[in-house]
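Asker: Pasting a predicted model and its sequence here:
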Amino acid sequence: MKNKMLLSVVILLSLLLSACSSIPSGFVSKEEHFQQGGFQDYTDYAKYVYESSYAFEKNSDYSPVSESDINMIKGYTDNFKDWMSNRLSEYDFDYSSVTAGDYYRLKVKYNDNPYSDYTLWFFDTETYTLYYFHNNT
């Protein structure tokens, strides 16, 4: 039983570290809200503030937001807010900050059910803030 618990902790930590590896270094402040007690089903929200957008302009992992991407991003942030309904004191994302020219990265595990397991990284070029949304439910 002890070995199973240790293995579970190692797997959870490796998942968190692999998700966070898409967060470019160089942020000057951060605010992280990782769900406590979740093993497989968890919802995490974080913000990382940078001094400029340089880390995203040259990063091939991130794509510039186009006008046609805005509704897709809104779909994920709306879905995410629903999952954060009992943790709204931790969630302060303002959808109106999504504009063409920002940057994003989206990782979806199941294409046939895109809202069941996803990670969205969204960088707002006006505030130099990277938002991290992860939902695995």
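Answerer: Thanks, I have it. Numbers count the residues shown, from 1 in each chain.
Asker: Could you use CA atoms for every contact and neighbour count after this?
Answerer: OK.
Asker: Could you point out the helix or strand that follows the helix or strand bottoming out on mean pLDDT in the chain?
Answerer: Least confident helix or strand, the chain: helix 2-20 with a mean of 42, by mean pLDDT, DSSP states H and E. Using DSSP states H and E, the next helix or strand after helix 2-20 towards the C-terminus is strand 29-33.
Asker: For that next one, which outside residues touch it?
Answerer: Strand 29-33 is contacted from outside by D44, Y45, A46, K47, Y48, V49, Y50, E90, using C-alpha atoms under 8 Å, 6 or more residues apart in numbering.
Asker: Quick check: which element contains the first one?
Answerer: Using DSSP H and E, the secondary-structure element containing D44 is strand 42-49.
Asker: which residues of the chain score low on pLDDT?
Answerer: By pLDDT under 70, the low-scoring segments of the chain are 1-21, 37-40.
Asker: change it to 50
Answerer: 3-19 (pLDDT under 50).
Asker: follow-up on the earlier one: could you say what helices and strands the strand holding D44 packs with?
Answerer: strand 29-33, strand 129-136 (3 or more C-alpha pairs under 8 Å, 6 or more residues apart in numbering; DSSP states H and E).
Asker: Within the sheet, what are the partner strands of the shortest one, with directions?
Answerer: Same thing as strand 29-33. The sheet places strand 29-33 alongside strand 42-49 (antiparallel), with pairing taken from DSSP bridges.
Asker: just how off-centre is the partner strand within its chain?
Answerer: Computed by C-alpha atoms, centre = their mean, to the nearest Å, the chain-centroid distance of strand 42-49 equals 6 Å.
Asker: Would you mark the buried spots in that strand?
Answerer: Of the residues in strand 42-49, Y42, T43, D44, Y45, A46, K47, Y48, V49 count as buried by neighbour count, 16 or more other C-alpha atoms under 10 Å.
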